[in-house]
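1. Provide a 3D model corresponding to the input given below.
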Amino acid sequence: MEADDQEKYFQMAETSARQALAIDPNIGEAHAVLAQINADRGDLLDAESGFFFAISLEPNEPTPHQWYSILLTKVGRLDAALAQAKKAQELDPTSPILAFNLANTYKAKGEDDAALRYAKLASELGLGSQTHGVELAVAIRRAQWDDARRLIVQSPDLPPELKGTAQEFVDALADPSKRPAMVARLNTMDPKLRKQYQLIGAYMQIGEIDLGYKIMFDALDKDHLAWVHDWDMAGTWGPDGAAMRKDPRFGELTRRIGMLDYWKQYGFPDGCRAGTDRPIVCS
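-> Down below sits the predicted model:
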């Protein structure tokens, strides 16, 4: 969804939620909708307080717990995110969406066996092959290259023209000697197939930290909400994002997107703390 279309959707949802609250200010679901809109607009502080209030009003509704877990994952508070994802799934154990959300939260924490278990459950409950992203991430972490080559081409949003490149990307992860050629290919990719900001995760995964940061900062220069519209910070916090988190530029990145202000109020991410010579230090 384009940013302009997304904002129109947000405005309609916000109007409906506020109309509901004008009738009854204690509708937790309406507060959760407003909190989710704030999260999707990059307003982390208001999203946090909104989810907290929504859950306090209706603690047995699973969706606010799920949405809150996604926000907490995005800002790196993974232990709290897991608690919310578990609660959501416990409240509705037949939901494939909630099982898959729990799988992704376990994946972010690096608890791969649990991630695979809930991805399998989500698939059995109706998501089918949409859960392959979790299996792919685990296969790459475990250097199970044949599985990774098989799974990477099953991504539902992968254009057919890129299937060969995707499998060669796995080959480059397995064999560092192939990485320079793969980076050159990614860097000259047809933007109709993949824009450069859509490749940030791939660059980071293959070890091109400088290039990944350059793309992010260039994008933020053009749009201060690029981190909301163009890439997902949730991938920062798993084992795969360690190099990005440890980089000195991480503090400047999080300052520019407002995450640092959020941490100062609600606590720093798991494994990170305020630094003396830079805004954040992550182990």
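2. What does the pLDDT read for residue 283?
-> Here the pLDDT value assigned to residue 283 is 81.
3. who's in contact with it?
-> Residues touching residue 283, when contacts are defined by CB atoms under 8 Å, 6 or more residues apart in numbering, comprise 271, 272. (Glycine included, C-beta is placed from N, CA and C.)
4. And residue 126, by the same measure?
-> The neighbourhood of residue 126, defined by CB under 8 Å, 6+ apart, consists of residue 96.
5. One more: residue 174?
-> Residues in contact with residue 174 (CB under 8 Å, 6+ apart) are 143, 145.
6. Please tell me how far it sits from residue 252.
-> From residue 174 over to residue 252 the distance is 33 Å, taken as CB to CB, to the nearest Å.
7. what's the particular helix or strand that has residue 273 in it packed up against?
-> Using DSSP states H and E, residue 273 falls within strand 272-274. With contacts defined as 3 or more CB pairs under 8 Å, 6 or more residues apart in numbering; DSSP states H and E, the secondary structure elements packing on strand 272-274 are strand 280-282.
8. any idea how far the strand it packs on is from the chain center?
-> Its chain's average C-alpha position is 19 Å from that of strand 280-282, according to CA atoms, centre = their mean, to the nearest Å.
9. what comes into contact with that strand?
-> Outside strand 280-282, the residues that touch it by CB under 8 Å, 6+ apart are 242, 245-246, 250-251, 254, 260, 263, 268-269, 271-275.
10. 10 Å instead?
-> Surrounding strand 280-282, the residues in contact under the criterion CB atoms under 10 Å, 6 or more residues apart in numbering are 76, 236-237, 241-242, 244-248, 250-255, 259-260, 263, 268-275.
11. Of all the residues in it, which ones are buried?
-> With burial defined by 16 or more other CB atoms under 10 Å, the residues of strand 280-282 counted as buried are 280, 281, 282.
12. Also stretch 114-130?
-> Applying 16+ other CB under 10 Å to stretch 114-130 flags 114, 115, 116, 118, 119, 121, 122, 123, 125, 127, 130 as buried.
13. Please apply the same query to stretch 49-69.
-> Those would be 50-51, 53-55, 57-58, 61-69, for stretch 49-69 by 16+ other CB under 10 Å.
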